[in-house]
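Colleague: dropping the sequence and predicted coords here.
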Amino acid sequence: MVNLIQTIEEFNICLGCSSCTRLATTGNLIDADEKLFQPLKISAYAVVLLENEAGEVIKNGRTIRYHDGAVICFRPGDSFWLKQNQEKLFCGQILIFHSDILANSDFGRISSRFSFFNSDLNEPLIISRDEVLVVKSCLDTLDKEFRFPVDGATESMVQIGIYHLLMYLKRFYVRQFQEWQLAQSDLIRKLNALLDDYYAPDSRKPELYGPPTVAWCAKEMNVAANYLGTLVKRDVHISAQEFIQNHIVRQARKLLAGTSDSVNSISVFLGFTYPNHFTRLFTKKEGITPTAYRRMNRMSGKA
C-alpha cells in the first residue's frame, strides 16, 4: 500500500519537526517517524541527502543504486520508498517544498530551470565529501530559517535558500554528467576547447563572425556539419546547436556573475548584434532574464 502525503504539515509529523511556512520543510532522516520509510507518493518536490547505506531506495517502482554521499531528487507525483534495514538507520537530510514557494520569485519555473527533477533515469547524484558539506550547509541554513519567527524577510530568505541549494545541485549534476561524457568522448573535449578559444579574452571571432555556429565549428574540426551533429548527438544526446548554445550561456553566466559589464556589453562580447537575441536565448535556457540572474547572484552573495 502506498501512502499519499500532500501537505507540509503531514511531512512535519513524519519528520518530528515544525516549519514557519506551509510550503516547505526540512528534517533529519534519523529522527523521522517510521511512516517516512514506507512506500509514499508525494505532491511536492523532495531532495534527499543520503550519508550512508541503510537499505534500498525505490523510485517509481525501480531500485536506485547508490552509496554514501548520494542525492536523490523527486518531483510531484513520484512514488518513493526508503526501505530501511532493521539493523541500520538512514542518516541524512530531506528538503520538501511545493513549487508555489518559488512561483512569485525571479527564479523561474522549477521544471525548466532544474531539469534534473524531470529525469526518469535511476542514477543518483554522487557527490564528494566536500560537496556533501556544501549540501548540508544549505540544508542547515534552511532548517534554521524554518524555525525562525516569521517576519518580512522570511519568504525571500526561504526562496534564496532553496534556490541556492538547487543551483549547487545543478552544478554538481552538470559536473557528473560532463565527467561521464568527457571520459568517453575526445570529440567533446576538442569542441569545448574550440569554443573556449572562440571566447578567449583576445579573440576577435565573436566580433567578426557573431556567435559560433555548427558550420563554423565543423569547418575548424575538418568534418562535415551533419557529421559533427551526429557525433555530438551520439555522445551527449543533444544537438550540436544546443551544445554550442549551452556553452554560450555558460560564458554569459560567468560574465554576469563575475563582472559589472552591462547586459548589452556582454551580448556584444558574445557576438550578438542585437541584445534582445541574447536575452531571448539566455531566458530560454535559464528560465530567467540575464538581469534577474545577476540580481539573484548578488542576493545569494549577500545572504
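Modeller: Good, I have the coordinates. Note that this is a predicted model, so its numbers are computed, not measured.
Colleague: I'd say D197 and S203 touch.
Modeller: Yes: shown here, D197 and S203 form a contact pair, counting by CB atoms under 8 Å, at 6.8 Å. Yep, even glycine has a C-beta here, placed from its N, CA and C like the rest.
Colleague: so between these two, which is more surrounded?
Modeller: Using other CB atoms under 10 Å as the criterion, D197 and S203 rank with S203 on top: 14 against 11.
Colleague: looks like the more buried one contacts D196 (just checking).
Modeller: No: with contact defined as CB under 8 Å, S203 does not count as touching D196 (9.7 Å).
Colleague: now do stretch 54-71: distance to the chain's middle.
Modeller: Relative to its chain's centre, stretch 54-71 lies at 19 Å (CA atoms, centre = their mean, to the nearest Å).
Colleague: helix or strand right after the helix or strand hosting E155?
Modeller: Assigned by DSSP states H and E, E155 belongs to helix 154-184. Next helix or strand after helix 154-184 toward the C-terminus (DSSP H and E): helix 186-198.
Colleague: what does that next one contact?
Modeller: Identification of contacts with helix 186-198 by CB atoms under 8 Å, 6 or more residues apart in numbering yields 181-182, 203, 205-206, 212, 217, 220-221, 231-232, 235-236, 243-244, 247.
Colleague: 10 Å - rerun?
Modeller: For helix 186-198, the external contacting residues (CB atoms under 10 Å, 6 or more residues apart in numbering) are 178, 181-183, 185, 203, 205-206, 209, 211-212, 216-218, 220-221, 223, 228, 231-232, 234-236, 240, 243-244, 246-248, 250-251, 270-271.
Colleague: check which element follows it along the chain.
Modeller: Toward the C-terminus, helix 186-198 is succeeded by helix 205-209 as the next helix or strand (DSSP H and E).
Colleague: could you give me the average pLDDT of the helix or strand just after that following helix?
Modeller: For helix 205-209, the succeeding helix or strand toward the C-terminus, using DSSP H and E, is helix 214-220. For helix 214-220, mean pLDDT rounds to 94.
Colleague: after helix 214-220 comes which helix or strand?
Modeller: Following helix 214-220 in sequence order, the next helix or strand is helix 225-236 (DSSP H and E).
Colleague: name the residues of the helix holding E155 that are buried.
Modeller: 155, 157-169, 172-173, 176 (16 or more other CB atoms under 10 Å).
Colleague: show me where the chain dips below the pLDDT cut-off.
Modeller: The chain contains residues with pLDDT under 70 at 104-112, 119-122, 178-185, 299-303.
Colleague: which residues in it form strands?
Modeller: Along the chain, counting by DSSP state E, strands occupy 3-5, 24-28, 40-42, 45-50, 55-59, 62-64, 70-74, 79-84, 92-97, 125-126.
Colleague: JSON lines for these, including distance to R113?
Modeller: Below are the strands of the chain laid out as JSON lines (distance: least, CB to CB, whole Å):
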{"stretch": "strand 3-5", "distance to R113": "25"}
{"stretch": "strand 24-28", "distance to R113": "17"}
{"stretch": "strand 40-42", "distance to R113": "20"}
{"stretch": "strand 45-50", "distance to R113": "12"}
{"stretch": "strand 55-59", "distance to R113": "21"}
{"stretch": "strand 62-64", "distance to R113": "23"}
{"stretch": "strand 70-74", "distance to R113": "13"}
{"stretch": "strand 79-84", "distance to R113": "22"}
{"stretch": "strand 92-97", "distance to R113": "14"}
{"stretch": "strand 125-126", "distance to R113": "16"}
